[in-house]
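1. Sequence plus predicted model, see below.
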Amino acid sequence: MMTELLQVSKWNPEPEIISRAAEVIRSGGLAAFPTETVYGLGADALNPEAVGKIYAAKGRPSDNPLILHISSIEQAASLVHTNAEAERLMRIFWPGPLTLVLPARENIPLRTRGGLDTAAVRMPDNPIALALIAASGTPIAAPSANISGRPSPTDALTVYHDMNGRIDIILDGGSVDVGIESTVIDVTDPQKILMLRPGGMSRELIEDSLNMRLELPGTISIKRSPGTRYKHYAPNIPVIIWKKDNDFPDININSAGYIGIAEPAYRIGKSIIFHDTANYAHGLFAGFRKLEAEGVSCIVAEWPESSSGLGEGLRDRISRAAGG
């Protein structure tokens, strides 16, 4: 398979390029595209054979559900059974990096939802993504566009590195805005809303809008979200977590890499320093891949001091990259 890589204007997506990618989706193929969080690997969510190609291209476990990307709030009602709290969240936060898990309607194939009776839906905040979904005329199932378990791609060339020859087309809309995946919450019981996966939408914003606390999931409900059961987001070298007030890890600092906000007391062989938590989240996955490509023996990742805002999602990604 020859993979096309086409540049697209983020704010004024060229209709002919969007039409080309939409035809790929409608014909059962795979198209990678930017969202505000990371690049997604898309297929027709209602076509089980097309969805199967996503799992094959990524090497993804078949029980790991996919997120359905939609282009309008009205489209959600054709896919899941909504409730008042879910509809309130949709009106406030969509388009945006928030995924809602709700009871699935029968038209969603079991393969798309990982065999579950629930489905995860979201409306991405990216003009290219929205144009592609609308032109395709179907919800698009889209996990991150990378080999399963690897750091998620935040630019098109990273997608090409992982997916060239595995998928039909990549829409290059430049670097993404957020850098980590969407927050996933379970709204199946509006009296007990669960935080399944922290991410690009802060817990505080969601809780303030609901006037209630998000609760922790159990072992069954956690399976309703992707990115929660397997080692994820990891380079092919060890990731070691360092908390700023603790002793620095006992490693060979000349061959190691470092990524974080605080300058360590030691001069590390290769370092990537960010100004704040938002920049750290935006550059985490690209930083992992850059350090790996530079041949470091391991990566020391600073543990974010705060769990508020993007800090909670950033902690989650670093923890999972380090093996949990």
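-> Received the coordinates, thanks. Note that the structure is predicted; figures quoted are calculated from it, not measured. Numbers count the residues shown, from 1 in each chain.
2. excluding its backbone neighbours, what's nearest residue 107?
-> Nearest non-adjacent residue to residue 107, counting by CB to CB, 6 or more residues apart in numbering: residue 46, 6.3 Å away. Any C-beta I mention is one placed from the backbone N, CA and C, and that applies to glycine too.
3. And residue 299, by the same measure?
-> residue 257 is the one closest to residue 299 (CB to CB, 6+ apart), at 4.6 Å.
4. for residue 90, helix, strand, or coil?
-> helix (DSSP: H, G, I helix; E, B strand; the rest coil).
5. Thought residue 270 was touching the residue nearest to residue 299, still the case?
-> Yes: taking CB atoms under 8 Å as the definition, residue 257 is a contact partner of residue 270 at 4.4 Å.
6. hey, what's in contact with both of these two?
-> 291, 294, 296 (CB atoms under 8 Å, 6 or more residues apart in numbering).
7. so residue 135 touches residue 18, yeah?
-> Yes: using CB under 8 Å, residue 135 is in contact with residue 18, at 5.1 Å.
8. So which of these two has more stuff around it?
-> Each of residue 135 and residue 18 has its neighbours counted (other CB atoms under 10 Å); residue 18 has more, 23 against 19.
9. average pLDDT for stretch 222-236?
-> Stretch 222-236 carries an average pLDDT of 84.
10. Tell me if I am right that residue 6 is in a strand.
-> Yes: according to three-state DSSP, residue 6 belongs to a strand.
11. Quick check: chain neighbours aside, which residue is closest to it?
-> Nearest one to residue 6, counting by CB to CB, 6+ apart, is residue 17 at 5.3 Å.
12. Return the backbone torsion pair for that neighbour.
-> The phi/psi pair for residue 17 (degrees, to the nearest 10) reads phi -70, psi -40.
13. Report the contact partners of it.
-> Contact analysis of residue 17 by CB under 8 Å, 6+ apart lists 6, 8, 171.
14. Tell me the most packed of these, by neighbour count.
-> Within these, residue 171 tops the neighbour count with 27 neighbours, counted by other CB under 10 Å.
15. Report pLDDT for that residue.
-> 98.
16. right, and the helix or strand after the strand or helix carrying it?
-> Secondary structure assigned from DSSP states H and E places residue 171 in strand 169-172. Following strand 169-172 in sequence order, the next helix or strand is strand 183-186 (DSSP H and E).
17. Who does that next one pair with, and is each partner parallel or antiparallel?
-> strand 98-103 (parallel), strand 194-197 (antiparallel) (DSSP bridges).
18. Flag the shaky bits of the chain, pLDDT-wise.
-> When residues are selected by pLDDT under 70, those of the chain lie in 229-230.
19. Strands of that one, residue ranges please.
-> For the chain, the strands defined by DSSP state E cover 4-7, 31-34, 39-44, 67-69, 98-103, 118-122, 140-141, 169-172, 183-186, 194-197, 239-242, 257-260, 270-273, 299-302.
20. would CSV of the ones you listed with distance to residue 227 be doable?
-> Output for the strands of the chain, formatted as CSV (distance: least, CB to CB, whole Å):
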stretch, distance to residue 227
strand 4-7, 26
strand 31-34, 18
strand 39-44, 13
strand 67-69, 10
strand 98-103, 10
strand 118-122, 11
strand 140-141, 15
strand 169-172, 22
strand 183-186, 8
strand 194-197, 5
strand 239-242, 16
strand 257-260, 20
strand 270-273, 23
strand 299-302, 17
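21. Mind checking the ones you listed for the one nearest to residue 321?
-> Of all these, strand 239-242 sits nearest to residue 321, with 4.6 Å by CB to CB.
22. Which secondary structure elements does the closest one sit against?
-> Here strand 239-242 touches strand 299-302, helix 310-321, going by 3 or more CB pairs under 8 Å, 6 or more residues apart in numbering; DSSP states H and E.
23. ok, and which of these has the densest surroundings?
-> strand 299-302 (a mean of 24; mean count of other CB atoms under 10 Å).
24. May I have the strands that pair with it, each with its orientation?
-> Strand 299-302 sits in its sheet next to strand 239-242 (parallel), strand 257-260 (parallel), going by DSSP bridges.
25. pretty sure residue 302 contacts residue 257?
-> No: in this structure residue 302 lies outside contact range of residue 257 using CB under 8 Å: 11.9 Å.
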